[in-house]
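Enquirer: Sequence plus the predicted model coming up.
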Amino acid sequence: MDLISPSHIATGPAVTSTVITMTPSASVPTGSGPAISGGTVTDRLVEANGQYAAAFTDPGMDARPVLRVAVVACMDARLDLHAALGLNLGDCHTIRNAGGVVTDDVIRSLTISQRALGTSSVVLIHHTGCGLETLTEEFRHDLEMEVGQRPAWAVEAFRDVEQDVRQSMQRVRTSPFLLHTDDVRGFVFDVKTGLLRETDPA
Ligand SMILES: [Zn+2]
């Protein structure tokens, strides 16, 4: 199918006249990362959104996740939750943070997910090679030394990923705020193979 009609080509401006010049202020500073054609990384995201929206059609969905599941996972850039779990738009809630740790704020999200939006299953996903395995609670101490204030939050660093999954499962199962705590399963995602390994809760 022709997207450009012959008459448009015949009457349109010459290609050489459409060169766009970028202002220096909108450019990514040299050496700050991979080359991005004009603008900051956020500009690039906004541009991509324009293309996404152009092809987007309202799926007419309810906010309640179709599969009634909430997935709590690490924010790691190598973990594409939807692709790795065969999830589609509208299927689940995804709650992510550094480590995929079950913090009070994750419990807050799970509570809203279950009580206001109808989910009843919880899947916890940590992964191999997590950045939190290289940190200790010293991170907080160092922060305090640097900025003169101790963060209220724990770093939640860990050495044994399986043990941390078990602890996360335990935190979900024992939360008094959740309606559903029977279907809680935990996994470690292998960033080299893409495979999930289930963690024995015992
Ligand atoms: Zn991680």
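Expert: Received it, and whenever you're ready, just let me know what you need.

Enquirer: Against the ion, how distant is A53?
Expert: 31 Å (C-beta to the ion, to the nearest Å). The C-beta positions use only the backbone N, C-alpha and C, and glycine is treated the same way.

Enquirer: Pull the contacting residues for that residue.
Expert: Counting by C-beta atoms under 8 Å, 6 or more residues apart in numbering, A53 makes contact with nothing.

Enquirer: now swap in V172 and tell me
Expert: V72, V102, I107, L110, V122, L124, L178, T181, V184.

Enquirer: For my notes, confirm R197 occurs in a strand.
Expert: Yes: judged by DSSP: H, G, I helix; E, B strand; the rest coil, R197 forms part of a strand.

Enquirer: How about it: what's its closest non-neighbour residue?
Expert: V188 (4.9 Å; C-beta to C-beta, 6 or more residues apart in numbering).

Enquirer: Ok, L124 next?
Expert: G186 (4.1 Å).

Enquirer: mind checking which helix or strand that neighbour is in?
Expert: Using DSSP states H and E, G186 sits in strand 184-189.

Enquirer: Relative to that strand, what are the paired strands and their orientations?
Expert: Strand 184-189 has the following sheet partners, assigned by DSSP bridges: strand 121-127 (parallel), strand 196-198 (antiparallel).

Enquirer: now, of those, which is deepest in the fold?
Expert: strand 121-127 (a mean of 23; mean count of other C-beta atoms under 10 Å).

Enquirer: And the average pLDDT for the helix or strand just after that strand is what?
Expert: Next helix or strand after strand 121-127 toward the C-terminus (DSSP H and E): helix 138-147. The pLDDT scores in helix 138-147 average 93.

Enquirer: For helix 138-147, buried residues please.
Expert: Residues of helix 138-147 classed as buried: R140 (neighbour count, 16 or more other C-beta atoms under 10 Å).

Enquirer: what's it packed up against?
Expert: Counting contacts by 3 or more C-beta pairs under 8 Å, 6 or more residues apart in numbering; DSSP states H and E, helix 138-147 packs against no other helix or strand.

Enquirer: Need the residues that contact that helix.
Expert: With C-beta under 8 Å, 6+ apart as the criterion, helix 138-147 contacts Q149, R150, P151, A154, V155, A157.

Enquirer: just checking, next helix/strand downstream of that helix?
Expert: helix 161-173.

Enquirer: residue contacts, the residue nearest to M61 when sequence neighbours are not counted?
Expert: In space, and not counting its chain neighbours, M61 is closest to G90: 4.5 Å by C-beta to C-beta, 6+ apart. Listed by C-beta under 8 Å, 6+ apart, the contact set of G90 reads P59, M61, P65, V66.
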